[in-house]
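Engineer: Below: sequence and its predicted model.
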Amino acid sequence: MSDEQKNDTAEIDVRTLPRSQRHRTVFEAYEHLVVDEALVLINDHEPKGLQEEFERELAGAYNWEPETSTDDAYRVRITKLASTALPRIVADTTALLAGTDSTTGGSIWQLEPGARDQDANIIALPANDEIGMHVGPNLDVLILVLQGSGQLHTERNVIELEQGQLLWLPRNAHRRFVAGTDGLRYFTVHHRKPTLNITVGHTEQKDQD
């Protein structure tokens, strides 16, 4: 980048903003950039949390370059390298399952980027554990059995679960999961539930189906 281009770069000074507004302000400014365009962020400290959020949301699609700073003005140049977030590997299920203790239960992996329209989890049930009968969300859910065995109890029948099976759970369907003697681990994916606040970085409770 030439010196002239650097001089034309917009500066975003967030030092006077409440901390709760700073990340959102930077991401909104970043969204308006075109590819290869940059902004210079001025903050009152090194924004490590913001950099972690950029990496979670936009890994490989941006460049983060610290510039000469002072004690009260930390400067970093953020360059947009791609028009959108890039496709990427978000988990290695083989390594994840191998590294998870057999007694571990609950959600052992979740899809993390905030700017998404899907939710995905990996759920682990120890041997003979269960998720009791309940009515599912008003969303269709796909489930892939990754490891172990068990049963899915519906309103009318019981489905035997084995590794490799792909199941469809219609919206609002009754379901109860019971793990077999080797436990049960499965991957779920469904459309993201509407929330009151779906900004980048928003944390929400993960579902178990």
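Structural biologist: Cool, got the structure. Small disclaimer: the values here were computed from a predicted structure and weren't measured. Residues are numbered from 1 along each chain as shown.
Engineer: now for the helix ranked longest in the chain, which elements pack on it?
Structural biologist: Counting residues, the longest helix in the chain under DSSP state H turns out to be helix 19-31. For helix 19-31, the packing partners by 3 or more Cβ pairs under 8 Å, 6 or more residues apart in numbering; DSSP states H and E come out as strand 10-13, strand 38-43, helix 48-58, strand 74-80. No exception for glycine: its C-beta is placed from N, CA and C like everyone else's.
Engineer: Relative to the whole chain's centre, how far out is the last one?
Structural biologist: For strand 74-80, the separation from the chain centroid amounts to 24 Å (computed by Cα atoms, centre = their mean, to the nearest Å).
Engineer: now the angle from that strand to strand 38-43?
Structural biologist: Here strand 74-80 runs at an angle of 150 degrees relative to strand 38-43 (axes from the mean of the first three to the mean of the last three Cα atoms, to 10 degrees).
Engineer: contacting residues around the helix or strand encompassing residue 168?
Structural biologist: Residue 168 belongs to strand 166-169 when elements are defined using DSSP states H and E. The list of residues contacting strand 166-169 from outside it, by Cβ atoms under 8 Å, 6 or more residues apart in numbering, reads 136, 140-145, 152, 159, 161, 175, 209.
Engineer: Take those and keep only those in strands.
Structural biologist: Mapping these onto strands (DSSP state E) picks out 141-145, 152, 159, 161, 175.
Engineer: ok so, going back, any chance of the helices and strands packed on helix 19-31 in a markdown table with mean neighbour count, mean pLDDT and distance to residue 192 as columns?
Structural biologist: Below are those laid out as a markdown table (neighbours: other Cβ atoms under 10 Å; pLDDT from 0 to 100; distance: least, Cβ to Cβ, whole Å):
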| stretch | mean neighbour count | mean pLDDT | distance to residue 192 |
| --- | --- | --- | --- |
| strand 10-13 | 13 | 95 | 29 |
| strand 38-43 | 19 | 97 | 28 |
| helix 48-58 | 16 | 96 | 15 |
| strand 74-80 | 18 | 97 | 25 |
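Engineer: Nearest residue to the middle of this structure?
Structural biologist: The chain has residue 112 as the residue nearest its centroid, 1.2 Å off, counting by Cα atoms, centre = their mean.
Engineer: Show the contacting residues for the nearest residue to it once chain neighbours are set aside.
Structural biologist: Take residue 112 and drop its neighbours on the chain: the residue closest to it by Cβ to Cβ, 6 or more residues apart in numbering is residue 56, 5.7 Å away. Contacts here follow Cβ under 8 Å, 6+ apart; on that basis residue 56 touches 112-114.
Engineer: Can you tell me which of those is closest to residue 180?
Structural biologist: residue 112 (29.7 Å; Cβ to Cβ).
Engineer: quick one: the closest one is in a helix?
Structural biologist: No: per DSSP: H, G, I helix; E, B strand; the rest coil, residue 112 lies outside any helix segment and is coil.
Engineer: Identify the bridge partners of the spatially closest residue to residue 91 that is not a sequence neighbour.
Structural biologist: Leaving aside its sequence neighbours, residue 91 sits nearest to residue 109 (Cβ to Cβ, 6+ apart; 5.5 Å). According to DSSP bridges, the partner residues bridging residue 109 are residue 122.
Engineer: What pLDDT is listed against residue 109?
Structural biologist: Confidence at residue 109, expressed as pLDDT, is 97.
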